[in-house]
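1. Generate a structure from the sequence data that follows.
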Amino acid sequence: MTEIERELGKIAVYQVYIRSFCDSNGDGIGDLPGITSKLDYLKYLGVDYIWITPFFPSPQRDNGYDISDYRAVDPVFGTMDDFDELVREARSRGMGIMLDMVLCHTSDQHEWFQRALEGDERYQRYYILRDGRGSTGPGDPGEPPTNWTSIFGGSMWQWEPRLGKWYLHMHDVSQPDLDWTNPEVRREMADVVRFWRDRGVAGFRFDVVNLISKPDVFEDDANGTGRALIADGPHIHEYLQGLVRDAGIDGMLTVGEMASTTLDACVGYTRPENHELDMAFNFHHLKVDYRGGDKWELMDPDIARLRELFRTWQERMQEGGGWNALFWNNHDQPRAISRFGGRGGAGQAGSSWEKVGKMLAVCTHLMQGTPYIYQGEEIGMTNPGYTSIEDFDDVESRNYYEIMLERGKSPAEALRIVNERSRDDARTPMQWSAAPHAGFTTGEPWIKVAPNYPLVNVEAERGVPGSMLEFYRALIRLRKELPVVSEGTVRFVDAGSRAPKVIAYERVLAEDAAGAGARGPRRLVVLCSFDDAPCEFELHGRSGSSIDVSAMEKLLGNYEGTWVDASAHVAILRPFECAVFAEA
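-> Below you'll find the predicted structure:
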């Protein structure tokens, strides 16, 4: 393990969705001073970096991921002085600020696109413009250049009469993609990153960054989405290396959001000697409840598939020298606690809500990689369960609600699906207390608070033994205190045929590992049951890869005690139980 990886293994990152974190001025929208006011809480939690979603000027068609000015603060979120104060105050508490950089596309309100519309050929070369298929000449759009489908629904191409061309937009129609084959675009992007680096930013998260290199030839995609042709494009490593070099951020904390990516590509992105990124987000494990691979078709999570994905990514990234970003939640994902069975008894000890929330935390936090905590995850925030499509703000959710109606689903069924899949599930206001609007704002929040906030909130959990919040604090401390967690190798083990929904793995610290010796155990075994019924973990599975935990010390878990029957070679795991066993 390299020194860089040792350091990455010790830290934890907290994601703030600025719009919904804390509102300081009563306008119902979270802001930079609101984040500053909660730095002591984040220090108490134990995180090292705070990743903040975009706060740049934006028309807010995609909640800030449609940027109209990369070098300014949108007044709704505060001022540049507010940002500078946040950086200073975070640094004084030993925490760094990470910014979310959207370099794949701009807003159509950005000066560059507006100048392109005005006929400036220089800025027209900033974007991906094409003639239509079958066009008879100027003024005739013909058909879209390819059959690719936007991530938000509809064609990925938009005809623009003022350009006499179709422009590519992988996301909303208001988000034209930048053309990274243009060296001037690459210089602009490096300059943007350097601008924020020079203001004291400690790290960067790059939005859908593996989509910046488009294919050399634009052609129809067999499944119509186009994503398989665009993801991990032919020049992506060249572009990333150039960005890191020219922006001067080699050695800073960086993570890339990788859409429709491959494992081999992520090894390349994150191998230290390549000087691209420290770690990568992939989303394959969050598609295990997509029926037929379709986000908008529901099914129960396929835990066997989930286990195989974790095993493959953990073990092969380890073999290749790459590094994983570990996460369940972010601003684009419904709450994992709701997805994986924690729907009963929110805020109540002993409920499925508590068991699932703690089990999910153990499952990823003790893997090899760097854990990311999304705001509210540490207190067990859930999907809100809105009663009307009018309660949703998200452009994707509203678009797909209409698409589902067009496909013949009833309004009730379409609403049920949106409630399970919407990005707004993660964007409800942070639940600070049982005060009105969960203590998020003194005004009217921009989006409704989840109704369970009187029971699920920071004030109700802080300092309370056994609470979700205190459980997360303990996990973060383990990563910092135990080299076996921060540095140990990972190997997944067979849970046996009687535990089909159990994910089990071990962490082992090498004899010559740095920091070894008196600092904790050299071996951990982690058991996580996603089953809502009891099951039997085989201590000696037929494959020979299971592990006997009967002689090991239980380090932590979400139930009291442990039922291990060494004579029968089984450990009984209760519904949604997690347990971590340690060996000296």
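
2. Dump the C-alpha coordinates for the helix or strand that residue 528 is a member of into PDB.
-> Taking DSSP states H and E as the definition, one finds residue 528 inside strand 523-529. Output of strand 523-529 as PDB, limited to C-alpha atoms (Å, rounded to 0.1, in the frame of the first residue of the first chain):
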ATOM      1  CA  ARG A 523      -7.800  -9.000  11.500                       C
ATOM      2  CA  LEU A 524     -11.500  -8.200  11.300                       C
ATOM      3  CA  VAL A 525     -14.400 -10.200  10.000                       C
ATOM      4  CA  VAL A 526     -17.500  -8.200   9.000                       C
ATOM      5  CA  LEU A 527     -20.900  -9.800   8.700                       C
ATOM      6  CA  CYS A 528     -23.900  -7.900   7.300                       C
ATOM      7  CA  SER A 529     -27.300  -9.400   6.800                       C
END
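
3. Parallel or antiparallel, which strands does that strand pair with?
-> In the sheet, strand 523-529 lines up against strand 502-508 (antiparallel), strand 578-583 (antiparallel) (DSSP bridges).

4. Reformat the ones you listed as CSV; add distance to residue 395, mean neighbour count and mean pLDDT.
-> For every residue, glycine as well, the C-beta is placed using N, CA and C. Shown next, in CSV, are those (distance: least, C-beta to C-beta, whole Å; neighbours: other C-beta atoms under 10 Å; pLDDT from 0 to 100):
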stretch, distance to residue 395, mean neighbour count, mean pLDDT
strand 502-508, 34, 24, 97
strand 578-583, 37, 23, 96
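
5. Pipe the ones you listed into CSV and attach distance to residue 56 per row.
-> Formatted as CSV, the strands paired with strand 523-529 follow (distance: least, C-beta to C-beta, whole Å):
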stretch, distance to residue 56
strand 502-508, 39
strand 578-583, 39
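
6. Out of these, the one nearest residue 62 is which?
-> In terms of C-beta to C-beta, the element of these nearest to residue 62 is strand 502-508, at 33.7 Å.

7. tell me how far the closest one is from the chain's mean position?
-> 22 Å (C-alpha atoms, centre = their mean, to the nearest Å).

8. can you pull the alpha-carbon coordinates of it into PDB?
-> Extracted in PDB, the C-alpha atoms of strand 502-508 (Å, rounded to 0.1, in the frame of the first residue of the first chain):
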ATOM      1  CA  VAL A 502     -25.400 -11.900   3.900                       C
ATOM      2  CA  ILE A 503     -22.400  -9.900   2.800                       C
ATOM      3  CA  ALA A 504     -19.200 -11.000   4.600                       C
ATOM      4  CA  TYR A 505     -15.600 -10.000   4.300                       C
ATOM      5  CA  GLU A 506     -12.400  -9.900   6.200                       C
ATOM      6  CA  ARG A 507      -9.700  -7.200   6.600                       C
ATOM      7  CA  VAL A 508      -6.200  -8.300   7.400                       C
END
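
9. Outside of it itself, list whatever touches it.
-> 303, 306-307, 310-311, 314, 363, 366-368, 484-485, 488-495, 522-531, 535, 537, 546-547, 573 (C-beta atoms under 8 Å, 6 or more residues apart in numbering).

10. Can you show me the helices along the stretch 51-200 of the chain?
-> Listed in chain order, the helices of the stretch 51-200 of the chain (DSSP state H, counting those that start in this stretch) span 80-92, 111-117, 121-124, 183-197.
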